[in-house]
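>>> here you go, sequence then predicted model.
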Amino acid sequence: MNKRHIQGFSLLELMVVVVIVAIFAVIAMPSYERYIARNQQAKAQAELLMLSERLENYRGRQLNYADFVAPNETEAGVIYLPKDANAEKYSYKIQILDLNSHRDLQQSVIGQGYKLIATPYQLGQRYLRESPSYFLSSRSQKCASLELLSATSTDCGATTQEW
């Protein structure tokens, strides 16, 4: 009778392969997280520009910004990105505010100007937490800030960057 030898990998060879794969994963994960954060930043910027265009179209019809409601608002004056996100889990939170009263435009009486503030989710991954906040207003102010902006912010503060 012919005996067949079953060949395979030893446990040591398998462990070496697993260690090499783990090293590649450790090297690749930060790069992937930075890529995801940059992608989310680009989406927030695009959404701000689209909202600005919609607000200007609304003003052209209504002669002011008061009572503006964005198509994908989840709560008054707030949009969470990505589109299916909510207050518990999101990448960016966009606030649509009256320029003077710092309240959402639905509560605005006069609505002479607007400001859009996009802030990154502070409980998310490291690179998203370190992402800039974005500010865009009806007065052509457009900037990014490494400081976390709030509803009362009137510009990007000391750490202003262009976008």
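Received it, and whenever you're ready, just let me know what you need.
>>> and after the strand or helix carrying residue 135, which helix or strand comes next?
Per DSSP states H and E: residue 135 is located in strand 133-137. Using DSSP H and E, the helix or strand that follows strand 133-137 towards the C-terminus is strand 142-145.
>>> and that following strand, what other elements does it pack with?
strand 133-137, strand 160-161 (3 or more Cβ pairs under 8 Å, 6 or more residues apart in numbering; DSSP states H and E). C-beta here means a position set from N, CA and C on the backbone, and glycine is covered the same way.
>>> contacts only, for the residue most central in space within the chain.
Centroid-nearest residue in the chain: residue 92, 3.0 Å away (criterion: Cα atoms, centre = their mean). Residues near residue 92 by Cβ atoms under 8 Å, 6 or more residues apart in numbering: 40, 41, 43, 44, 47, 80, 81, 118, 119, 120, 121.
>>> now it, which residues is it bridged with?
Beta bridges link residue 92 to residue 81, residue 120, judged by DSSP bridges.
>>> quick one: it and residue 114, what's the gap?
Relative to residue 114, residue 92 is positioned 17 Å away (Cβ to Cβ, to the nearest Å).
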